[in-house]
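Participant: can't give you the sequence, but here's the structure:
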């Protein structure tokens, strides 16, 4: 169950990171509100997951999910570059998340 909570925390991590782009410097109230709510949900769920998961593992997976999802959404939503130099590290992050799950 803790892994599911951690995964959801990672999804909210993606939500607030992408949401920051849509706030346009916190000048859009609805986008700002949703971004802040996503931040709170992400941290709250991370805190719950930390009740039973090791800190280093949970934090690495949480930030990894956020990084991976944000990078992929940057490509899909904002037309960011898809280059081998970017995709290899993104793949390594995904491998690290999977490795930590299998080890934990």
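Facilitator: It's in. Source: prediction; values computed, not measured. Residues are numbered from 1 along each chain as shown.
Participant: tell me which strands and helices the worst-scoring helix or strand of the chain on mean pLDDT is in contact with?
Facilitator: In the chain, the helix or strand scored least confidently by mean pLDDT, DSSP states H and E is helix 84-103, which has a mean of 92. Secondary-structure packing of helix 84-103 (3 or more C-beta pairs under 8 Å, 6 or more residues apart in numbering; DSSP states H and E): helix 55-78. In short, each C-beta sits where N, CA and C put it, glycine included.
Participant: what does the average pLDDT come to for the helix it packs on?
Facilitator: For helix 55-78, mean pLDDT is 95.
Participant: before we move on, the earlier item: quick one: buried residues of the least confident helix or strand of the chain?
Facilitator: By neighbour count on 16 or more other C-beta atoms under 10 Å, the buried set for helix 84-103 is 93, 97, 100.
Participant: Stretch 11-25 now?
Facilitator: The neighbour-count check on stretch 11-25 (16+ other C-beta under 10 Å) flags 11-20, 23 as buried.
Participant: Run through the residues that contact residue 80.
Facilitator: Taking C-beta atoms under 8 Å, 6 or more residues apart in numbering, we find residue 80 in contact with 71, 74.
Participant: where does it fall, phi/psi-wise?
Facilitator: Backbone torsions for residue 80, taken as degrees, to the nearest 10, come to phi -70, psi 160.
Participant: Could you measure from the residue most central in space within the chain over to residue 51?
Facilitator: Central residue of the chain (C-alpha atoms, centre = their mean): residue 66, 1.5 Å from the mean position. According to C-beta to C-beta, to the nearest Å, residue 66 stands 20 Å off from residue 51.
Participant: what sits up against stretch 91-104?
Facilitator: Residues outside stretch 91-104 that contact it (C-beta under 8 Å, 6+ apart) are 3, 53-54, 57, 60-61, 64-65, 67-68, 71.
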